[in-house]
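>>> sequence plus predicted model, see below.
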Amino acid sequence: MLFDTHAHLNAVQYDEDLQEVIQRAQDEGVSHIVVVGFDRPTIERAMELTEEYDFIYAAVGWHPVDAIDMTEEDLQWIKELASHPKVVAIGEMGLDYYWDKSPKEVQKEVFRKQIALAKEVKLPIIIHNRDATADIVQILKEENAAEVGGIMHCFSGSVEVAKQCIDMNFYISLGGPVTFKNAKKAKEVAKEIPLDRLLIETDCPYLTPHPFRGKRNEPSYVKYVAEQIAELKEITVEEVAKATTENAKKLFGISR
């Protein structure tokens, strides 16, 4: 029972062989997948996948890189989709200071609007953070995001920052980078953060874990993330799988 809490099976990289990719995930014990939409086309595709597969759920939101493109109509549309029974989170949202397509102030405004929306529809949020930790933590505090909580997706920060986020009702999600030899911070977080606050993900088709680094990622590879966390915590893979799956179900309100 593995739960991939962040996948982009709505990406063009899976246009040719999606059915095989999903079959491999099931063969490796992946019982649930959340497909994350972050603009019009990817949200539409995520919603289609929730209809096609009973174990696929959707998160809907607007990516900070594209914040400049988001309209009030888009925000209203996300709000409408939030009432769908298989939409389990709002996001991914946040700040990305690596790419400069959207000005920082626009990103912050779109981020705040989505937090407000999530509180209105009572769904957790999924946070994208690239080179923007201090501003993200500040906005989460100012907007009282703890009210809905959520996920620090593909967390790459320090143990100290992880603890701050946990204090604000967030789970720490680890992906492929925790398997990289040089990923000191991610490994420390895996060791130090309690199992009841951890989640696992692939962020596929990106951030492929060792030993497939450099190739396309897919949900079946989430087991390598679980194995690495188990090794670092000196517990069994089964314990990691059970705990992270239970954490995800609790957060997303999935009973089965």
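Nice, I can see it.

>>> switch to C-alpha atoms for all contacts and neighbour counts from now on
Noted.

>>> wait, isn't Tyr224 in contact with Thr179?
Yes. Counting by C-alpha atoms under 8 Å, Thr179 is a contact partner of Tyr224 at 7.4 Å.

>>> who touches both of the two?
Residues touching both Tyr224 and Thr179 (C-alpha atoms under 8 Å, 6 or more residues apart in numbering): Pro209, His210.

>>> what residues of stretch 32-41 count as buried?
His32, Ile33, Val34, Val35, Val36, Gly37, Phe38, Asp39 (16 or more other C-alpha atoms under 10 Å).

>>> residues contacting Asp27?
Counted by C-alpha under 8 Å, 6+ apart, Asp27 has contacts Ser220.

>>> how about JSON lines for the buried residues of stretch 32-41, with secondary structure, pLDDT and distance to Pro209 added?
Putting those into JSON lines (DSSP: H, G, I helix; E, B strand; the rest coil; pLDDT from 0 to 100; distance: C-alpha to C-alpha, whole Å) gives the following:
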{"residue": "His32", "secondary structure": "strand", "pLDDT": "98", "distance to Pro209": "19"}
{"residue": "Ile33", "secondary structure": "strand", "pLDDT": "98", "distance to Pro209": "17"}
{"residue": "Val34", "secondary structure": "strand", "pLDDT": "99", "distance to Pro209": "18"}
{"residue": "Val35", "secondary structure": "strand", "pLDDT": "98", "distance to Pro209": "18"}
{"residue": "Val36", "secondary structure": "strand", "pLDDT": "98", "distance to Pro209": "19"}
{"residue": "Gly37", "secondary structure": "strand", "pLDDT": "98", "distance to Pro209": "22"}
{"residue": "Phe38", "secondary structure": "coil", "pLDDT": "98", "distance to Pro209": "23"}
{"residue": "Asp39", "secondary structure": "coil", "pLDDT": "98", "distance to Pro209": "26"}
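
>>> for Tyr14, state which of the residues you listed is nearest.
Nearest to Tyr14, judged by C-alpha to C-alpha, of the buried residues of stretch 32-41 is Val35 at 12.6 Å.

>>> how much space between the closest one and Thr236?
Noted for Val35: a distance of 27 Å to Thr236, by C-alpha to C-alpha, to the nearest Å.

>>> can I take it that Ile68 is in a helix?
Yes. The assignment for Ile68 (DSSP: H, G, I helix; E, B strand; the rest coil) places it in a helix.

>>> surely it is in contact with Val106?
Yes. Under the criterion of C-alpha under 8 Å, Ile68 makes contact with Val106 at 6.3 Å.

>>> give me the common contacts of these two.
By C-alpha under 8 Å, 6+ apart, no residue touches both Ile68 and Val106.

>>> contacts only, for Asn217.
Residues in contact with Asn217 (C-alpha under 8 Å, 6+ apart) are Thr202, Asp203, Cys204, Pro205, Tyr206, Leu207, Thr208, Pro209.

>>> pipe those into a markdown table and attach pLDDT, secondary structure and neighbour count per row.
Putting these into a markdown table (pLDDT from 0 to 100; DSSP: H, G, I helix; E, B strand; the rest coil; neighbours: other C-alpha atoms under 10 Å) gives the following:
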| residue | pLDDT | secondary structure | neighbour count |
| --- | --- | --- | --- |
| Thr202 | 98 | coil | 32 |
| Asp203 | 98 | coil | 25 |
| Cys204 | 98 | strand | 27 |
| Pro205 | 98 | coil | 19 |
| Tyr206 | 98 | coil | 17 |
| Leu207 | 98 | coil | 21 |
| Thr208 | 98 | coil | 26 |
| Pro209 | 98 | coil | 26 |
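
>>> of all those, which comes closest to Pro124?
Using C-alpha to C-alpha, the contacts of Asn217 come closest to Pro124 at Asp203, 17.9 Å.
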